Structure formats: structure tokens, C-alpha cells
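[1] Need a 3D model of the sequence below.
(one chain, ligands or ions: 1)
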Amino acid sequence: MSDTLTKLTYQTLQQGKSYFSLAHKTLSVRLMNIISTVHRQFKPIPNEVIRILEQKLNDLLEVDWQDAERGIYPKSLLFDNPWEDFFRYYPAEWLDLPQRWLRANQKKYQEFSTQIDTLDYPSYYVQNFHYQTDGYLSDLSANLYDLQVELLFGGSADVMRRRILAPLVLALHATSVHPRQIRILDVACGTGRTLKLIRSALPQASLYGTDLSPAYLRKANELLSQIPGELPQLLQANAEELPYLDNYFHAVTSVFLFHELPATVRQRVIEECFRVTKPGGIFILCDSIQMSDSPEMQPTMEFFDDTYHEPYYKHYTTDNLVERLEKAGFENIEMQVHFLSKYLIAHKPI
Ligand SMILES: C[S@@+](CC[C@H](N)C(=O)[O-])C[C@H]1O[C@@H](n2cnc3c(N)ncnc32)[C@H](O)[C@@H]1O
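    Residues are numbered from 1 along each chain as shown. A predicted model of the protein is given here:
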């Protein structure tokens, strides 16, 4: 396929995902108001904000394309979607919605079935984040997660995750370390999407992932074991106490974790990431935009904690992450913003 055609196909596919997500959201809110006793008002996003968002999404797709074109990752990655899972679990997503509406209406944030053992986890974690059934602690939640995140971000979740790859690949290529000896850790790896993207860009590196959720790690293992090459090592661990030696990794990444941590825990996790990164190594944090990054999104961000039950989000949106990284010892911190995510690229001094 010619490059122009490939690019057009990619843009059309992304556009299709975006329209589908919008249709899904509109339909689910209508349905909630028709068939459920739960009535929640969602403030519509003004048209001029929608136009800004569309432009930012187009910019994101353009950098994604450019990075593939300059060989940071293969173009095939642009088309990599877990379609089978999406189709398989889409009905389950609808079936689960009424329970989430009810939870939201009754303000039940810590509702877990009796089969789920919640005792071994920090209390800040035992939450129905996004009002989701079982929080992060069941196979159902792990099966629905990627679909839910793609619906939330209009099909751009992986595209935003891919923004960590250029700084990661360029920093590692600049070192004299042999590609086979490179060690990369993804903290709070969830269902393994980021590790899969890193594997495509750096096929020879040794990859490691940690998460608190056994169910999400099982899902990650299912995904990653389908990829040829060395299987990433997955460990259940609290990001506050990473089970690795000091100065062990050439690079550490973390995607969409920090907005789900209380402020003090955010600092402890950054300090752990600093500890396990080698001197001269890189730490890349990707998470939601903050208030100062996107003035037009401020009203939406104000309500996000309530709309999606994100108890630590409000504090996160004004938290000074650069200061936190510097406090831990990182230096030379670069910040980027792409669509609805921001990126902090920090270096551990040599
Ligand atoms: C929003 S999800 C992000 C997952 C994944 N990184 C992604 O890109 O989709 C947050 C993840 O952080 C994990 N998590 C939350 N607090 C944690 C902690 N203290 N230690 C380890 N993992 C944690 C959850 O289990 C969940 O998988």
C-alpha cells in the first residue's frame, strides 16, 4: 500500500473509532435516562471546545504517523487494536452499565463482591474507580478495561500511550548499551498495552511490568504471551515498593497511574522510580492533562472526579509534578502535551 493510502486508512480508522465512541456515549446517556431510575446530568461540551479537541486529536494522529514514518515504531502498530476483545466484551460492557449507574447514583465507591479479597491492598486502591464493577480486582474488570478506556478517549488511548515511545527510543539509542542488555520497567502496567507498544519499538530489550492487580496482570500475560520474542517479566507489586535493586533499569515508564494516587503516594512512587532507574537513565510519566495544560478543558476536568469516580483526580490536576520529580532527584525534565495527556520526561543524573 502506498504511504498516502496507508495514512488515509489510519486516519479513517481513527475517525471511525472516534465517531463510534461518541455514538456509544450518547446512546448510553439516553438509555440511562429512559430505562434507569438513575438520572444524571452531563454538562454538554461547548462547540468551540469540541473544535479545539478535534484539532488536538488531528495533531496527535499526525505526530503518531510521523513517528512511525521516521521508524520509531513500525507502521503496523498504528493498526494494532485488540478487535477480538472489543467485539467479545462489548455486550458485557452494556450489561455492566446499569450497575455503574446505580453505584454512581448511590455514591457507592467501595462495593466489592464477597469473593474478592480486598484486605491485601492499600485503602486508597480499594475503590470502584470509574464506578467499575470490582474496581481493578476481577477478570471481568480486566476484560472490560481496554474497551472502556478506548471509548472514553474516542479510540485514542493507544495513540496517546505511543507518545512515550519517541523519547524512550531516542534516549536508549543515544546510549552505548547493546539493545539486548537494555532493561525497561513499566510501573502499573495494567493489561499490558504499553509493554506491547514498547516491545514493537524495542524488540530486543528485556521488559518488566508491575501492577497491584492480579487480574490485570493475568490479562497482560495473555496479551504479551502472544507476541514472539522474550516474554516480559510481570510481577504483582505496589509501586510504592518496587521489588527491584537500586539502579537496575535503563528506563522506567508509567502510564495513566498518577491521577489514581493520593498526593503522598504519588511522591513515594516517583521516589521508587528514581531509585530503580540507573544513573543516566530515563523516567517517562504519561497521565491526564492538568488544569494549566488545557484551559478549555478546565470545566470538564472540574467534574471528572465525580463523573468517573476518580477520588484523587482533583488534587492531581493542580499538582506540581515537576517539583515532585526534582525533589526525588530527577533533572533535565521535559514536558509535552498531546490531546488529553501530558508527558514528563525526566533524567537521573549520572
Ligand atoms: C488507569 S490504570 C492504567 C493501566 C495501564 N498503565 C494503562 O496504560 O492502561 C491504573 C493501573 O494502576 C494500577 N495501580 C494503582 N495503584 C497502584 C499501586 N499503588 N501500585 C501498583 N499498581 C497500581 C491499577 O491496578 C491499574 O492497573
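
[2] So which residues of the chain form helices?
    In the chain, the helices defined using DSSP state H lie at 3-35, 47-69, 83-105, 139-152, 157-161, 165-173, 193-201, 214-224, 263-276, 298-307, 313-318, 321-328.

[3] quick one: least confident helix or strand in this protein?
    Taking mean pLDDT, DSSP states H and E as the measure, the chain has helix 298-307 as its least confident helix or strand, at a mean of 84.

[4] Most proximal residue of this structure with respect to the ligand?
    Closest to the ligand within the chain is Gly190: 2.6 Å, counting by C-beta to the nearest ligand atom. Bear in mind the C-beta positions are built from the backbone N, C-alpha and C, glycine included.

[5] Surely that residue touches Tyr216?
    Yes. The pair Gly190 / Tyr216 is scored as a contact, 5.1 Å apart, by C-beta atoms under 8 Å.

[6] Could you name every residue contacting both of the two?
    Common contacts of Gly190 and Tyr216 (C-beta atoms under 8 Å, 6 or more residues apart in numbering): Tyr145.

[7] still on that earlier bit, could you check how far the least confident helix or strand of the chain is from the centre of its chain?
    18 Å (C-alpha atoms, centre = their mean, to the nearest Å).

[8] Give me the pLDDT for the residue of the chain closest to the ligand.
    Here the pLDDT value assigned to Gly190 is 98.

[9] do Pro203 as well
    Value listed for Pro203 in the pLDDT field: 96.

[10] Name the nearest residue to it, sequence neighbours excluded.
    Gly229 (5.9 Å; C-beta to C-beta, 6 or more residues apart in numbering).

[11] so what's the one you found up against?
    Taking C-beta under 8 Å, 6+ apart, one finds 199, 203-204 in contact with Gly229.

[12] Show the buried residues in these.
    Arg199 (16 or more other C-beta atoms under 10 Å).

[13] closest to Pro122 among the contacts of Gly229?
    Arg199 (29.4 Å; C-beta to C-beta).

[14] Let's check: the centremost residue of the protein is which one?
    Phe256 (3.8 Å; C-alpha atoms, centre = their mean).

[15] Count the residues that sit near the residue nearest to that residue when sequence neighbours are not counted.
    In this structure, Phe256 finds its nearest non-sequential neighbour in Asp287, 5.8 Å apart by C-beta to C-beta, 6+ apart. Here the number of neighbours of Asp287 (other C-beta atoms under 10 Å) works out to 21.

[16] ok, now Glu241?
    11.

[17] what does Leu231 give?
    For Leu231, using other C-beta under 10 Å, the count is 12.

[18] Quick check: phi and psi at Phe330.
    phi -70, psi 160 (degrees, to the nearest 10).

[19] Run a quick check on it versus Ala346, I expect a contact.
    Yes. Contact criterion C-beta under 8 Å: Phe330 and Ala346 qualify, at 3.7 Å.

[20] so does stretch 258-275 get close to the ligand?
    Yes. Looking at stretch 258-275 against the ligand by C-beta under 6 Å from any ligand atom, the contacts come from Glu260.

[21] List the buried residues of that stretch.
    In stretch 258-275, counting by 16+ other C-beta under 10 Å, buried: 258-262, 265-275.

[22] gap between it and the chain center?
    Counting by C-alpha atoms, centre = their mean, stretch 258-275 comes out at 16 Å from the chain centroid.

[23] which ones are touching Ser254?
    186-188, 239, 269, 273, 283-286.

[24] how about 7 Å then?
    186-188, 273, 285 (C-beta atoms under 7 Å, 6 or more residues apart in numbering).

[25] Show me what the nearest residue to it once chain neighbours are set aside is bridged to.
    Here the nearest residue to Ser254 in space, its sequence neighbours aside, is Val187; by C-beta to C-beta, 6+ apart that works out to 4.2 Å. Beta-bridge partners recorded for Val187 (DSSP bridges): Thr210, Ser254.

[26] unless I'm mixing things up, Val187 is touching Cys273, no?
    Yes. Under the criterion of C-beta atoms under 7 Å, Val187 makes contact with Cys273 at 6.3 Å.
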